[in-house]
Structure formats: C-alpha cells, structure tokens
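> coords please:
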Amino acid sequence: MKKTKKGRIILKIPRSRLEIIIEVVAVLGLVAHALLLLHYWAVLPEVIPTHFNFAGEADGWGNRNSLFFLLAVNIGLYLMITIFNFFPHIFNYVVEITAKNAREQYYNARLMMNFMKAEIAWLFAYIEWGTVQSALGNAAGLDQRIIVGFLIAIAISMLYFIWKSMSSG
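Here you go, the predicted model:
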C-alpha cells in the first residue's frame, strides 16, 4: 500500500454508477454550452453584454468573441476538477485520514467534486444562454433567481458532503 509524504494512503477507487451519471450530466452541460454558442453565433451582434451586476442587468460590454473565453473557462474548470479527482489523497479534509476511513473519505470528497463540477458546468451554460438572450434583446439580463439558485445548490452540495465527511470520520 503506497503512502504520501504526509502518511496518507493512496487508493485506486473505481468510479461508482452515481459518479458516472454525474459525469454525464457535467459533460452534457459542457456540450449544451458549446452548442448554444455555435447555434447563436451567426445572429449575435459584434458587441454583447460581458458583465452583469447583482441585479442581473448588463453593466459591461465587449466583443462577442468573449463568449469563447466563457466556454474555455468552463472547459478548464471541468478538466481541472476531473484531474484532481484522480488524487483524492491530496485534498484537504475536515477529519484525519486513516487506513480505516480513507476509502470512504476519498469517495465522499470525489463525489462532492463531481457534483460541483456538474453544477458549475450548467451554471456557465446558463450564463452563456442569458448573455446571448440579453445580446439579442430577448431578455433584460440574467435572471438573478437562477444564479442564486445555482449558488445555493453548490453551497448545499458542499455543506452536505462536509457534513457527511464529519459524521463518518
């Protein structure tokens, strides 16, 4: 059994069915994001909203090419989280990792990261959709209730998995 310099056990834990389902949901978010951009690209004006205030109203404008940056950030975050999930032994934990709890703690942390990855992918897809709708004059801006809903979902996911980690520690 391999250990890190800090003494944590390195385990190879196969993906669960739930992890695979969540992975598909995350990838679908990326695909939806990319397809939105491709679908609306030809009809977008050269200048589009690039920033929105807390009320969801556009307060910054820029070139439509900035939508590619949003997609790149979404893909970058997806890839970063995916890569980190291969190394759960390097994560920070709220409990001490031991030989007895390592498998459960690593799986729990990986599951949390997968949920967040899917939520973030769909949040960025929504921001892209809202930006496009605003640029086309179909919306006044982003619906702050949806943004807040995504942020609450991410926070609840994190809190749930932290609680689960502490209660099984």
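
> figure out the helix or strand that the residue nearest the centre of the chain lives in.
By Cα atoms, centre = their mean, the chain has its centre lying nearest to Ile120, at 2.5 Å. Using DSSP states H and E, Ile120 sits in helix 102-135.

> helix/strand/coil for Phe54?
Classification of Phe54 by DSSP: H, G, I helix; E, B strand; the rest coil places it in coil.

> on that earlier part again, is the residue nearest to the centre of the chain in contact with Val73, as I believe?
No - Ile120 lies out of contact with Val73 (Cβ atoms under 8 Å); the separation is 9.7 Å. Quick note: C-beta positions are derived from backbone N, CA and C, even for glycine.

> gap between the helix holding Ile120 and the chain center?
Taking Cα atoms, centre = their mean, to the nearest Å, one finds helix 102-135 lying 2 Å from the centre of the chain it belongs to.

> quick one: list the elements packing against the next helix or strand after that helix.
Scanning forward in sequence from helix 102-135 by DSSP H and E, the next helix or strand is helix 144-168. Packing partners of helix 144-168 (3 or more Cβ pairs under 8 Å, 6 or more residues apart in numbering; DSSP states H and E): helix 102-135.

> now the helix it packs on against helix 144-168, angle please.
Put simply, helix 102-135 runs at 180 degrees to helix 144-168, going by axes from the mean of the first three to the mean of the last three Cα atoms, to 10 degrees.

> tell me which strands and helices helix 102-135 is in contact with?
Using 3+ Cβ pairs under 8 Å, 6+ apart as the contact test, the elements touching helix 102-135 are helix 17-40, strand 47-52, helix 66-84, helix 144-168.

> how about that helix: buried residues?
Across helix 102-135, burial judged by 16 or more other Cβ atoms under 10 Å covers 102, 105-135.

> who's in contact with Ile81?
By Cβ atoms under 8 Å, 6 or more residues apart in numbering, Ile81 lies in contact with Met113, Asn114, Met116, Lys117, Ile120.

> using CSV, lay out the residues you listed together with distance to Ile13 and pLDDT.
Converted to CSV, those look like this (distance: Cβ to Cβ, whole Å; pLDDT from 0 to 100):
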residue, distance to Ile13, pLDDT
Met113, 13, 97
Asn114, 12, 97
Met116, 18, 96
Lys117, 17, 97
Ile120, 22, 97
